[in-house]
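Engineer: Here is a sequence with its predicted model. Questions after.
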Amino acid sequence: MTDEQGAHASRRPRRAVWIAAGVVVALVVGGVIGGLIGRATTPGPAIVVAPGPVVEQSPAASTLPVSGDIAPVGTAAPRPGLEVVTGTGRPPAVFAAASDLVDTPTTASGYRLTRGQVDGAALAARLAEAVGLAGEVTQTTTGWVVGDPAETSAPSLTVADDPLLTWTYVDPAQITAGAGLSPQRAQSLGSALLSGIGVDPGAIDWEVERYSDATQVTAWQVLNGARTSLAWRLAFGPGGVLLRASGFAAGLVEIPGYPVIGAATAVRRASLPAWAYLGPRPADALTTGTAATQSPTPSATPVGTAIGRPALRVPMSGIVVTGAELGLAQFWQPDGDLLILPAYRLTGDDGSQWSLIAVSGEDVHFIDVPYPSASPTAS
């Protein structure tokens, strides 16, 4: 880290004043919890799909882009949320700003999730009460449990001591034979349960899927009219019995005053070393544009150099950015935390749309970690 970066880092906490965003978690003596919010990065309840699922009610809100994920050293795969485009046949995209692309700096708010002062044991007790699970709360090396998660015939609840207080409930003993619930009935049950743990149903975009043995309700958290990757997932069996549920209990708060660079400057910065990692990502899988979806057409004969040697051909998609609108994008951190930061929604000259981080360099810290190279073979 440079001296300039260190100076920026030391100034950052004084500027990041947290303001409640309407869904802040509060824990009062006695175990009353408000503003619980779900997390889609933790795998939802496992449901056997045979056949299915049948999506009976789909989300109506647009999707907030996800970008900037970093896998912790030693893991075998990126943390959920990163859109991996390698191996899709799409050529790399090289971006350039149009001569008239807006380049006006400004400031904007970002958001983050925080545990606040929530007590994990009290949270576990309140969640157990909400799902009708009796038993004492036991603290483990990784969090808190009610019941025995290793017992395959009894219900259990687990709250993880992670940055977002991830929680999971499962009742493997329930029999699921019978007629499935209607989407309206499943959503009504999900809304009642989530309201009971402090979630505002008005800040949710609902999705209902029917499986052979369950009806799953996914309640997506909405921010500024767009669906985030945060969600509560509830699976109901015939008759409305709760089979599985998952979410987390961190609170969403606003962080005002992020300096934002101009769009043209952001596009040029994305070509610099390190910043290329945070370069433009497809803003939506369904709107990647012609240049991002068509495969390159091979030439009839190899391209040669002036003296006849065959030249390496590298397919590229050149995209000129002609428009930019300031919005938000989600950035998962190495420790599992989440930042929702100002980002540009770029429009290319081919009609494609991309998401690009817009905050200034003082709010982005590049952390040097060892490259996970293979260990030398022992002799």
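Structural biologist: Perfect, I can see it now.
Engineer: where's the most centrally placed residue in the chain relative to L223, distance?
Structural biologist: For the chain, S229 is the residue whose C-alpha lies nearest the centre (Cα atoms, centre = their mean; 4.1 Å). Per Cβ to Cβ, to the nearest Å, S229 is found 11 Å from L223. Using the backbone N, CA and C atoms, a C-beta is placed for each residue, glycine as well.
Engineer: what residues are shared contacts of the two?
Structural biologist: Counting by Cβ atoms under 8 Å, 6 or more residues apart in numbering, the common neighbours of S229 and L223 are L64.
Engineer: quick revisit: correct me, but the residue nearest to the centre of the chain touches V66?
Structural biologist: Yes. Using Cβ atoms under 8 Å, S229 makes contact with V66 at a distance of 5.7 Å.
Engineer: Residue ranges in this structure under the pLDDT threshold?
Structural biologist: Residues of the chain that meet the criterion pLDDT under 70 lie in 1-57, 59, 68-90, 176-178, 284-306, 374-379.
Engineer: T215 versus the residue lying farthest from the centre of the chain, what's the distance?
Structural biologist: Distance from the C-alpha centroid of the chain peaks at I307, with 51.5 Å (Cα atoms, centre = their mean). Counting by Cβ to Cβ, the separation of I307 from T215 is 69 Å.
Engineer: do T166 as well
Structural biologist: Computed as Cβ to Cβ, the T166 to T215 distance reads 23 Å.
Engineer: which one of these two has more residues nearby?
Structural biologist: With neighbours defined as other Cβ atoms under 10 Å, T166 and T215 compare such that T215 has more, 28 against 22.
Engineer: List the contacts of that one.
Structural biologist: 180-181, 183, 186, 208-209, 235-237.
Engineer: Which residues does it form beta bridges with?
Structural biologist: Beta bridges link T215 to R210, F236 when assigned by DSSP bridges.
Engineer: go on, T107?
Structural biologist: Taking DSSP bridges, one obtains P259 as the residues bridged to T107.
Engineer: how close does it sit to S153?
Structural biologist: To S153, T107 is 56 Å away according to Cβ to Cβ.
Engineer: Tell me which of those two has more neighbours.
Structural biologist: Neighbour totals were compared for T107 and S153, and T107 leads with 12 against 7 (other Cβ under 10 Å).
Engineer: That one and L326 touch, don't they?
Structural biologist: No. Applying Cβ under 8 Å, one finds T107 not in contact with L326, separated by 10.4 Å.
Engineer: Need the residues touching each of those two.
Structural biologist: Both T107 and L326 are in contact with V260, where contact means Cβ under 8 Å, 6+ apart.
Engineer: Helices of the stretch 201-350 of the chain, residue ranges please.
Structural biologist: Applying DSSP state H, counting those that start in this stretch to the stretch 201-350 of the chain gives helices spanning 263-269, 289-293.
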